[in-house]
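**Student:** no FASTA, just this:
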């Protein structure tokens, strides 16, 4: 399934990518997607972020976020309420990153840019 989701991401992002994974659910998925993208010849790097949804707090290693022209793909296993997406969007905007996409396996509310299951 990771390769299928990786192909969706690849089809619209063949340039430089930064794959960001949500620590609680997206780790293995993001690593497999990143591996697939590298196999396809995409220059890609990964890092994780930790989110406390209840406190609406996010922890990002800001040193790993570089102004290198990357397209950012945020990977998580599922998007349920959209709260995680909102927290990540707000934090990324604070860091000056306004262009990013969300890729998940399960998206029952159709909020992600890429998903395999609705």
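**Tutor:** Here it is on my side, so go on. What you are looking at is a predicted structure, and each value in this text was computed from that prediction instead of being measured.

**Student:** partner strands of the helix or strand of the chain with the lowest mean pLDDT, parallel or antiparallel?
**Tutor:** When each helix and strand of the chain is scored by mean pLDDT, DSSP states H and E, strand 57-60 comes last, with a mean of 76. Sheet pairing here is set by DSSP bridges, and for strand 57-60 it gives strand 44-52 (antiparallel).

**Student:** got the buried residues for the partner strand?
**Tutor:** Residues 44, 46, 48, 49, 51 are the ones in strand 44-52 that count as buried (16 or more other Cβ atoms under 10 Å). From N, CA and C alone the C-beta is placed, and that goes for glycine too.

**Student:** surely residue 44 meets residue 38?
**Tutor:** Yes. With contact defined as Cβ atoms under 8 Å, residue 44 reaches residue 38; the gap is 5.6 Å.

**Student:** Next, work out how far apart residue 40 and residue 69 are.
**Tutor:** When distance is defined by Cβ to Cβ, to the nearest Å, residue 40 is 18 Å away from residue 69.

**Student:** more crowded one of these two?
**Tutor:** residue 40 (13 against 8; other Cβ atoms under 10 Å).

**Student:** show me the contacts for that one.
**Tutor:** With contacts defined as Cβ atoms under 8 Å, 6 or more residues apart in numbering, the neighbours of residue 40 are 6, 10, 14.

**Student:** which residues are in contact with stretch 101-113?
**Tutor:** Applying Cβ under 8 Å, 6+ apart, the set of residues contacting stretch 101-113 is 1, 5, 8-9, 13, 26, 29, 33, 71-80, 82, 85, 88, 114-118.

**Student:** Buried among these? Need that as a selection in PyMOL.
**Tutor:** One line in PyMOL is enough to select the buried members of the contacts of stretch 101-113, burial here meaning 16+ other Cβ under 10 Å:
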select buried, resi 5+8+9+13+26+29+33+71+72+73+74+75+76+77+79+85+88+114+115
